[in-house]
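**Student:** this one's sequence-less:
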C-alpha cells in the first residue's frame with residue numbers, strides 16, 4: 001500500500017490513464033442510496049415507523065394464518081405480490097455478501113445502517129418460515145392467481161396460501177439457499193447483535209442438515225413455483241453454496257471438508273459457468289472457494305480447491321471476453337444472457353468480478369485467461385463499464401435505475417408504483433379493475449420506484465418504456481442486491497479495495513464434527529459499535545520487516561475508556577486478522593480482557609498488538625458493561 005501511495009504521489013497522471021475511476025461521471029453514492037430505497041418499496045407486512053418510501057402501507061397481514069403460522073413480513077420479489085422463497089433468499093445472501101465485503105465503505109457513505117435493515121427485514125421473515133428443523137415455508141401466494149390481478153399490495157384479494165417443504169416433500173435448493181442467506185447474515189450481525197447472529201447461524205445449521213439429508217428439487221414439492229422460479233440447475237450448487245457460507249460464518253472444518261469431498265461429484269470443480277444468479281450458484285461457490293484457497297485454508301484439499309478456482313477464473317475470463325467461451329454482449333457492451341430481465345445477470349456477474357478483483361489484488365496475483373495473464377484492475381474496469389451502462393452510458397442514454405439521472409423508465413411493470421398510493425386515494429382497487437384503470441394507462445407511474453433496476457434492453461440495446469413490456473420494465477430484488485456492494489466499492493475509488501487475502505499458515509486440522517445449532521448466549525450486554533462514544537479505538541503501525549519476500553507489519557491498538565465509569569466487561573470483534581495477537585484473550589469468535597485485567601477504569605487505556613502481512617484489522621466493540 002505504501003508503494004502505491006508513493007506511485008500515486010510521483011506519477012499522478014498515471015491515474016488519468018489507467019484508473020478505472022478517472023473518467024466516470026456518475027454519482028455512485030447516490031445510486032447506492034437509491035438502491036437501498038428500492039428494498040423498502042418491496043416490503044411486505046407491517047411497515048416500521050422509519051419507513052422512508054411513504055407511498056407504501058401495511059400489506060399481507062394475514063400471511064400464514066390459514067396454515068397456523070405467522071408468515072407476515074419478507075419481500076415481494078418483483079412487480080407482483082407473491083413472496084417467492086428461493087429468489088428472496090438469494091437476495092438476502094447477496095445483500096449480506098455485499099456488506100461483508102464492503103460494509104466499511106457503506107458506513108463511510110452513511111448507508112450501512114440501511115443495508116443492515118434491508119438484510120434483517122429478510123432474515124426476520126426467514127426465522128418465521130423455519131418453525132421446525134425440517135420444515136421451511138417457501139412461498140406465500142401463487143403466481144397464477146396473482147398475475148390474473150393488477151392490485152397494489154395493500155388491496156390484494158388474491159390467494160395467500162402458504163407452501164412448505166418437509167422430509168416428505170423436500171427442497172434442497174430452497175433450504176440450501178436459505179441456509180446460505182442466514183449464515184451470511186450471521187456474519188453481518190456478529191458485531192452489533194451477537195445473540196441474533198447466533199440465532200441465524202443456528203437456523204443455518206439446521207437448514208443445511210435438512211437440505212443435505214432429504215434431497216430433492218423444491219419446485220417438485222412446491223409445484224406452483226415451477227412456472228415462475230423453476231430450479232433448472234437442481235440442488236447440488238445450493239448445497240455447495242450453503243457449505244461455503246457456513247464455513248465462512250463458523251470456521252467449522254466440517255463444511256470445508258464437505259466442499260473438498262463433494263467438489264467433483266456435485267459439479268463445483270466441473271462446471272465452467274458464464275451465468276450466476278438466483279438459480280445457478282456454481283460461479284459464486286467457485287469464487288468463495290478460490291478465496292479460501294488464496295487465504296491458505298485449503299489444507300490437503302488444495303488440489304480440489306485449485307480446480308474450483310480454475311472454474312472461477314473461467315467465469316471471470318468469459319466476462320472479459322478473454323476466455324474460450326465468452327459471454328455475449330450487446331453492441332453497447334452490456335452482458336446479454338436472455339431477453340427477460342437480463343439485468344439480473346449483469347449485476348450478479350459484476351459483483352463476482354468486483355470481489356474477485358479485490359481478492360487477486362490482495363493476494364498479489366493476476367487472472368489467468370486463455371489469452372494470457374490479466375491484471376486484477378481490468379476486472380474492475382469491466383465492472384465499471386457495466387455499472388456505467390446501467391446508469392446511462394449506453395446508446396439510448398437511458399438510466400435503467402429508476403430515479404437516477406434525467407432519463408429513466410417512467411412506466412415500470414410494478415403494481416405498487418403504477419397505482420395511486422392508498423394514502424392518496426384509499427378507494428379499493430379491484431383485481432381486474434386495476435388492469436382497466438392503471439395497467440393500461442400510458443401515463444407515468446404515480447409513485448416513483450426509486451432505485452429499482454428494471455429488466456433492461458434487448459440484445460441490440462433497444463428498450464421500450466411500456467408497462468406491459470414486463471421483459472424489460474419489470475424490476476426485481478435480486479437485480480439490485482448485488483449492486484449495492486458494487487456501488488459501495490466504486491464510490492470509494494482507490495480507497496475501496498480490501499486487503500483480504502494475506503498468506504497464512506493453515507492451522508492444524510481439527511476433528512471433523514457436524515456442528516449443532518449454536519445456543520443463545522447467557523448474557524446480552526448492551527451493544528456498541530466502533531464509533532460508540534464511551535470507547536475509542538486507535539491503531540497505528542509501529543514496525544515492519546521483510547521475510548521470504550513478504551512484508552510483515554506490527555500494529556499497536558489502543559482502546560480507551562472515555563466514560564466516567566469503569567468498563568467491567570468488554571467484547572471486541574476483530575475481522576481480517578491473519579497473524580498472532582497479544583494483550584487480549586480469545587473467546588469464541590471475539591476477544592475480551594486479558595487474564596491480568598478484570599476491568600478498565602475511567603480514563604484508562606489498554607493496548608494490544610498483532611502481526612500480519614496486511615493493512616490494519618477491523619476492530620469493533622460488540623458488547624460492553626459500564627459499572
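**Tutor:** On my side now, so go ahead. Note that the structure is a prediction, hence the values are computed from the model and not measured. Residues are numbered from 1 along each chain as shown.
**Student:** so where do the strands sit in the stretch 501-627 of the chain?
**Tutor:** 535-547, 550-561, 567-575, 581-582, 584-587, 590-593, 605-612, 618-626 (DSSP state E, counting those that start in this stretch).
**Student:** now distance to residue 334 too, for those, in CSV please.
**Tutor:** Bear in mind the C-beta positions are built from the backbone N, C-alpha and C, glycine included. CSV is the format used below for those (distance: least, Cβ to Cβ, whole Å):
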stretch, distance to residue 334
strand 535-547, 42
strand 550-561, 40
strand 567-575, 35
strand 581-582, 46
strand 584-587, 47
strand 590-593, 44
strand 605-612, 40
strand 618-626, 35
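**Student:** could those be laid out in TSV, adding mean pLDDT and distance to residue 95?
**Tutor:** What follows is the strands of the stretch 501-627 of the chain, written out as TSV (pLDDT from 0 to 100; distance: least, Cβ to Cβ, whole Å):
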stretch	mean pLDDT	distance to residue 95
strand 535-547	82	27
strand 550-561	84	30
strand 567-575	77	18
strand 581-582	82	31
strand 584-587	80	29
strand 590-593	79	24
strand 605-612	85	29
strand 618-626	69	19
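**Student:** closest to residue 368 out of the ones you listed?
**Tutor:** Nearest of the strands of the stretch 501-627 of the chain to residue 368, taken as Cβ to Cβ: strand 550-561 at 21.2 Å.
**Student:** can you list the strands that the closest one pairs with?
**Tutor:** Sheet pairing of strand 550-561 (DSSP bridges) gives strand 535-547 (antiparallel), strand 605-612 (antiparallel).
**Student:** coming back round to it: okay, the strands of the stretch 501-627 of the chain in TSV with mean neighbour count next?
**Tutor:** Shown next, in TSV, are the strands of the stretch 501-627 of the chain (neighbours: other Cβ atoms under 10 Å):
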stretch	mean neighbour count
strand 535-547	12
strand 550-561	17
strand 567-575	20
strand 581-582	14
strand 584-587	14
strand 590-593	19
strand 605-612	17
strand 618-626	20
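**Student:** these: which one's closest to residue 292?
**Tutor:** strand 567-575 (15.6 Å).
**Student:** so which elements touch that closest one?
**Tutor:** In terms of contacts (3 or more Cβ pairs under 8 Å, 6 or more residues apart in numbering; DSSP states H and E), strand 567-575 is packed against strand 550-561, strand 590-593, strand 618-626.
**Student:** and these: which comes nearest residue 395?
**Tutor:** strand 618-626 (41.8 Å).
**Student:** any chance of JSON lines for the helices and strands packed on strand 567-575, columns distance to residue 80?
**Tutor:** Below are the helices and strands packed on strand 567-575 laid out as JSON lines (distance: least, Cβ to Cβ, whole Å):
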{"stretch": "strand 550-561", "distance to residue 80": "50"}
{"stretch": "strand 590-593", "distance to residue 80": "42"}
{"stretch": "strand 618-626", "distance to residue 80": "39"}
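**Student:** which of those strands sits closest to residue 464?
**Tutor:** Comparing the helices and strands packed on strand 567-575 by Cβ to Cβ, strand 618-626 comes nearest, at 46.0 Å.
**Student:** closest to residue 296 out of the helices and strands packed on strand 567-575?
**Tutor:** So among the helices and strands packed on strand 567-575, strand 550-561 is nearest, using Cβ to Cβ, at 12.2 Å.
**Student:** what angle sits between the closest one and strand 567-575?
**Tutor:** Relative orientation of strand 550-561 and strand 567-575, computed by axes from the mean of the first three to the mean of the last three Cα atoms, to 10 degrees: 150 degrees.
**Student:** so what's the gap between strand 550-561 and the chain middle?
**Tutor:** Offset of strand 550-561 from its chain centre (Cα atoms, centre = their mean, to the nearest Å): 30 Å.
**Student:** same check on stretch 331-340?
**Tutor:** Distance, centroid of stretch 331-340 to centroid of chain: 23 Å (Cα atoms, centre = their mean).
**Student:** buried set for it?
**Tutor:** For stretch 331-340, the neighbour count (16 or more other Cβ atoms under 10 Å) marks 333-337 as buried.
**Student:** nearest to residue 460 among those?
**Tutor:** residue 336 (9.2 Å).
**Student:** about what we covered before: so for residue 277, which of the strands paired with strand 550-561 sits nearest?
**Tutor:** strand 605-612 (35.4 Å).
**Student:** mind listing residues that contact that closest one?
**Tutor:** 502, 542, 552-561, 577-584, 591, 593-594, 597, 600, 617 (Cβ atoms under 8 Å, 6 or more residues apart in numbering).
**Student:** again, 7 Å this time
**Tutor:** 502, 552-560, 577-584, 597, 600, 617 (Cβ atoms under 7 Å, 6 or more residues apart in numbering).
**Student:** equivalent analysis for stretch 179-190, please.
**Tutor:** 89, 92-93, 96-97, 99-100, 116, 119, 123, 126, 196-197, 200-201, 203-204, 207-208, 211, 241-242, 245-246, 248-249, 573, 589.
**Student:** report the distance from it to the chain centre.
**Tutor:** Stretch 179-190 sits 10 Å away from the centroid of its parent chain (Cα atoms, centre = their mean).
**Student:** helix or strand right after the helix or strand hosting residue 197?
**Tutor:** Using DSSP states H and E, residue 197 sits in helix 194-213. Later in the chain than helix 194-213, the nearest helix or strand by DSSP H and E is helix 218-221.
**Student:** give me the contact list for that following helix.
**Tutor:** Under Cβ under 7 Å, 6+ apart, the answer for helix 218-221 is 86, 138, 165, 169-171, 173-174, 225-226, 230-231.
**Student:** show me where the stretch 351-500 of the chain has helices.
**Tutor:** 376-390, 415-418, 433-434, 470-473, 477-491 (DSSP state H, counting those that start in this stretch).
**Student:** which of those helices is buried the deepest?
**Tutor:** helix 477-491 (a mean of 29; mean count of other Cβ atoms under 10 Å).
**Student:** next, the angle helix 376-390 makes with it.
**Tutor:** Using the same axes, to 10 degrees: helix 477-491 against helix 376-390 is 120 degrees.
**Student:** quickly list the domain ranges of the protein.
**Tutor:** Split into domains by the TED database, the chain comes to 28-492, 535-626.
**Student:** deepest of those, which one?
**Tutor:** Highest mean neighbour count among the domains of the chain (mean count of other Cβ under 10 Å): domain 28-492, a mean of 21.
**Student:** what about it, distance to the chain center?
**Tutor:** Distance, centroid of domain 28-492 to centroid of chain: 8 Å (Cα atoms, centre = their mean).
**Student:** quick one: end-to-end distance for it.
**Tutor:** Terminal residues of domain 28-492 lie 9 Å apart, using Cα to Cα, to the nearest Å.
**Student:** quick one: average pLDDT of that domain?
**Tutor:** For domain 28-492, the mean per-residue pLDDT is 96.
**Student:** and residue 52, how close does it get to residue 96?
**Tutor:** As judged by Cβ to Cβ, to the nearest Å, residue 52 and residue 96 stand 21 Å apart.
**Student:** re earlier: among the helices and strands packed on strand 567-575, which comes closest to residue 302?
**Tutor:** Using Cβ to Cβ, the nearest of the helices and strands packed on strand 567-575 to residue 302 is strand 550-561, at 19.0 Å.
**Student:** can you list contacts of the closest one?
**Tutor:** Here strand 550-561 has contacts from 503, 534-545, 567, 600-613, 616, 619, using Cβ under 7 Å, 6+ apart.
**Student:** again, 6 Å this time
**Tutor:** 536-545, 567, 600, 602, 604-611, 613, 616 (Cβ atoms under 6 Å, 6 or more residues apart in numbering).
**Student:** and for stretch 224-244?
**Tutor:** Under Cβ under 6 Å, 6+ apart, the answer for stretch 224-244 is 84, 86-87, 139, 142-143, 172-173, 176-177, 179-180, 208, 217, 219, 255, 258-259, 266-268, 279-282, 285, 288.
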